[in-house]
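1. 3D, please:
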Amino acid sequence: MYNIPCTADLLKQSHIPMALSITPFAQLQANEHPPPLVNLGELGPVRCNRCKAYMCPFMEFVDGGRRFQCVFCSCSTEVPAEYFAHLDHTGKRVDCYDRPELCLGSYEIVGTKDYCKDGILPKPPAFIFMIDVSYNSVKSGLVHLLCERLKSDILVNLPKETGAEESEIRVGFVTYSNVIHFYNVKGALAQPQMLVVSDVQDMFVPLLDGFLVKLSESEAVIDSLLAQIPQMFGDTRETETILGPVVQAGLEALKAADCAGKLYIFHSSLPIADAPGKLRNRDDRKLLGTEKEKTILTPQNNFYTKLGQECVVAGCSVDLFLFPNSYIDVATVSEVCKVTGGQVYKYNYFQADLDGHRFLEDLKSNVERPVAFDAIMRVRTSTGIRPVDFWGNFYMSNTTDVELASVDSDKSVAVEIKHDDKLSEQDGAYIQAAVLFTSISGQRRLRIHNLALNCCTQLPDVFRNCELDILVNALCKKALQDVLSIPPKEVREKLMNTCAQILACYRKNCASPSSAGQLILPECMKLLPLYTNCIIKSDAVQGASDTSTDDRSYLMHLLNAMDVSTTNVFFYPRLMALHNVEVESTTVPPMIRCSVEKLQDSGVYLLENGLSMFMWIGMNVSSDWVHSVFGVQSAAQIDIDKSQLLDLDNLLSHRIRNIVKKIREERRRYMKLTIVRQRDKLEPWFHHFLVEDKGANGTASYVDFLCHIHKEIRSLLS
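-> Below is the predicted model:
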């Protein structure tokens, strides 16, 4: 909401949660500039003496510019002599528009030694690639594919500072099955050296010098190593794997090098070998949707949670790439990613020739995007409101600091804010989110975002200035928290009640009088019932009978850190017609509603939700269209196992491929294209994403849900 109720009672009466969604390193739009970097030298950031808020455009300078009054706590602080400037006739500093921190909402400031651990400036971060070389990984073609493409496609794209010649990030390599192999890839060596640690109960790093190296200094040795790994393990028969000691090994290596960094772990099966972090197979799909489902959706022990906490302290973030052929217990192993601000990627039944492209695209975009390490975020608010609840993938050792071992454009944190006093319409409300982090070049910096909001005393003003997309983001994160503690039926009822109470409050206090039989919705919340129903039906919250336990845990993990635009399309997928596109146009076709009623037998439609992409082909589609795009005569002849469209030399083929490419570029993860013919065995799975229709597991259609909500509103009003 962009207009905050002045009192807690008014907020409670509206039933709308006051929530923020913060993506501190959000991807820049084409017309945006990156936040400018302010360097105040030895002086460091200028802050309020009392609440420690950072200098921002809302601070008021008084006493001829010698002091400033903090907008967050009203304390008056002396301006350092080096920072002093005179005020003009309006009371503004004369250098106001020369200093980003005095005129912009977002900017970065270089931190001094006081902002570093133990007062020592940090070293450049490191990436450690840890490859599972057990039988499953070798057989699926993963090891061969990764070693063949890691250097040419991935390492050449390591992130670097704007204007820098090369990346400062160091890289290291580890392979493992039930023992761990470290590699010395020092540039001076003729061949890489392997050092094996077989005592996985007590993990240590067998070498310091030569493990983490700059790519440019050890290129030939790294090439040699990546060529040798598939040969060394090509005939392995080892099927048991470890995981806990692998994370410990990466953590110890970063600690020994005294730098922050990231572990990329490529893992294929449940870690059942006798070692720390050993897990048992506890999968029981029958429990999903029952009151006992939380027993398999919560971690089976706290080993990986505690390990994650140790990683955060050292600034070590973990990204897990999973390639399971069976249950791998995502609920437990993903904890180490959740706590460190890392990510999980999952490729079921991975085959290098079919899924390799998708995996490499995901890895490439993960490695090359801008990233910050060893980050701490604090949200400060003006007097009268305070942050009370935080949702996302991070760690909090106290009630105010959100700690992230790494943070990038995909990470979002949702914050609930509550009143602790009355607000006034004249003063408004202010929020500052500050992130202290280590940049990719090893510089300690602060990224600061500021927001000013109006306050109001009337409910119509609240409803006029609500932001539905943020409300949906907050509701789904609240629901995910509830899934792990209360029965599924109560989670659904809680969501329905919230929706009904918000709309009943509007009807009672804001709408013009009319007959009780009429459903009246606020302008900016017309789609609240639609999205509420979509959250209830979603695989992450509801869990369909054909969703595996691991898939459910995986979706919950992803949703927990999603930003607003991603949750938007995740709950209500984008559906568009392709059979009538204009071949000359370059834009993505308009969306149509997600209902089977909108599909024609003679049509072709593309559906995407940010994670999956489907092309549905009707039985009676024109043979010319099929021939132009697929190079065959009829829909029945299309090879649906191929997830790549053919590169045919005609305008239509070019246009369809461009649409798919454009949509993939908009999304964070590479979406594999699944082709579904009408009345094929895959069609029910496609229908599952048509969220306005009745669900296969008995969930309500949008129309039925709207009727139910209307009934609830009427009973609340009477």
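2. tell me the phi and psi of the most far-flung residue of the chain relative to its centre?
-> Here the chain reaches farthest from its C-alpha mean at H89, the gap being 46.6 Å by CA atoms, centre = their mean. Phi and psi for H89, reported as degrees, to the nearest 10, are phi -70, psi -20.
3. Could you check the pLDDT of it?
-> pLDDT, H89: 91.
4. Would you mind measuring from it to C534?
-> 54 Å (CB to CB, to the nearest Å). In short, each C-beta sits where N, CA and C put it, glycine included.
5. And the residue farthest from the centre of the chain, how close does it get to N49?
-> Counting by CB to CB - H89 and N49 are separated by 28 Å.
6. Excluding sequence neighbours, find me the nearest residue to E240.
-> A273 (4.0 Å; CB to CB, 6 or more residues apart in numbering).
7. do the same with A429
-> A429 sits nearest to L453 (CB to CB, 6+ apart), 4.7 Å away.
8. now do C476
-> Among residues not flanking C476 along the chain, I535 sits closest, at 5.0 Å (CB to CB, 6+ apart).
9. Next up, phi/psi of that neighbour, please.
-> phi -60, psi -50.
10. Do I have it right that it meets V541?
-> Yes - counting by CB atoms under 8 Å, I535 does reach V541; the two are 5.8 Å apart.
11. Give the residues shared as contacts by the two.
-> Common contacts of I535 and V541, defined by CB atoms under 8 Å, 6 or more residues apart in numbering, comprise 476, 479.
12. longest helix anywhere in this structure?
-> Ranked by residue count and defined by DSSP state H, the top helix of the chain is helix 488-509.
13. Could you list every helix and strand in contact with that one?
-> If you count contacts as 3 or more CB pairs under 8 Å, 6 or more residues apart in numbering; DSSP states H and E, helix 488-509 packs onto helix 8-14, helix 459-464, helix 468-483, helix 528-537, helix 702-717.
14. Return the most buried member of those.
-> helix 528-537 (a mean of 24; mean count of other CB atoms under 10 Å).
15. For the residue nearest to M562 when sequence neighbours are not counted, give me its contacts.
-> Of all residues not flanking M562 in the chain, S412 sits nearest, at 6.2 Å (CB to CB, 6+ apart). Contacts for S412 (CB under 8 Å, 6+ apart) come out as 21-23, 392, 473, 561-564.
16. Please report how far S412 lies from Q27.
-> From S412 over to Q27 (counting by CB to CB), the distance is 11 Å.
17. what are the ranges of the helices in the stretch 101-250 of the chain?
-> Secondary structure of the stretch 101-250 of the chain by DSSP state H, counting those that start in this stretch: the helices cover 135-139, 142-149, 219-232, 244-257.
18. Highest mean neighbour count out of those helices?
-> For the helices of the stretch 101-250 of the chain, the largest average neighbour count (mean count of other CB under 10 Å) is found in helix 244-257, namely a mean of 23.
19. returning to what we had before: in CSV, list the helices and strands packed on helix 488-509 along with mean pLDDT and distance to S553.
-> Shown next, in CSV, are the helices and strands packed on helix 488-509 (pLDDT from 0 to 100; distance: least, CB to CB, whole Å):
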stretch, mean pLDDT, distance to S553
helix 8-14, 93, 34
helix 459-464, 91, 37
helix 468-483, 94, 10
helix 528-537, 94, 17
helix 702-717, 92, 26
